[in-house]
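> I'll drop the sequence and a predicted model, then ask my questions.
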Amino acid sequence: MVDPKITINNPQANEVFGATPPSFNISINEPNLNTTWYSLNGGVNTTFTGLIGSINQTLWNALAEGNVSIRFYASDSAGNIGFTDFTILKQLPQEPGILDCLTNPVCIITMCILVGGAIGVIVVIKKKSNKSTDKEIMRIEKILQDEE
């Protein structure tokens, strides 16, 4: 009686994954293979058929970021069970912050364009405001001249 021998072809140990769960590709050396399943961090056993598949999205979403232990199991028709496990990393992408923008050339250029545009609008408003003031001063001067 020999336990089924499982080889993990993909994913690789310590590989990093984000919001999408990893796909897997395994090989099993067992002529009388009966059932295959996996568990994440020692949790729920999830059965699958074939040797290629993907980790369940709902189970993946429920996991916190950090190390994720995946254990694959295989049983044969005699009831022998073999397993192998490895660890990968779940790391969700970070939302960019303002400091990230300061090191991104596209972001810096965009900020310069926006600031330049805002300054342009302020200058135009100021000039229009000054013209109105100049007109008012001229009108007041004319009224004062007429009264003399």
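Alright, I've got the coordinates. Residues are numbered from 1 along each chain as shown.
> Low-confidence stretches in the protein?
Residue ranges of the chain with pLDDT under 70: 97-101, 127-132, 148.
> what's the domain layout of it?
Following automatic domain parsing, the chain resolves into domains at 5-90, 98-147.
> most tightly surrounded among those domains?
Greatest average neighbour count among these goes to domain 5-90 (a mean of 14), per mean count of other Cβ atoms under 10 Å. Quick note: C-beta positions are derived from backbone N, CA and C, even for glycine.
> where do the helices sit along this structure?
Along the chain, counting by DSSP state H, helices occupy 57-62, 98-101, 105-147.
> Any chance of a markdown table for those helices, columns distance to residue 46?
Conversion of the helices of the chain to a markdown table gives the following (distance: least, Cβ to Cβ, whole Å):
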| stretch | distance to residue 46 |
| --- | --- |
| helix 57-62 | 7 |
| helix 98-101 | 37 |
| helix 105-147 | 42 |
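> Out of the ones you listed, flag the one nearest residue 26.
helix 57-62 (17.3 Å; Cβ to Cβ).
> which other residues reach the closest one?
19, 20, 21, 40, 43, 44, 46, 90 (Cβ atoms under 8 Å, 6 or more residues apart in numbering).
> run the last query once more with 7 Å
Contacts to helix 57-62, defined as Cβ atoms under 7 Å, 6 or more residues apart in numbering, come from residues 21, 40, 44, 46.
> And the furthest pair within these?
21 and 44 (13.9 Å).
> gap between the residue nearest to residue 13 when sequence neighbours are not counted and residue 58?
Counting by Cβ to Cβ, 6 or more residues apart in numbering, residue 13 lies nearest to residue 86, which is 4.3 Å off, once chain neighbours are set aside. Look at residue 86 and residue 58: by Cβ to Cβ, to the nearest Å, they are 22 Å apart.
> ok, and the closest non-adjacent residue to the residue most central in space within the chain?
In the chain, the residue lying closest to the centroid (Cα atoms, centre = their mean) is residue 93, at 3.1 Å. Spatial nearest neighbour of residue 93, chain neighbours left out: residue 18 (5.7 Å); criterion: Cβ to Cβ, 6+ apart.
> ok, now which ones touch the one you found?
91, 92, 93.
> what does residue 19 give?
By Cβ under 7 Å, 6+ apart, the neighbours of residue 19 are residue 92.
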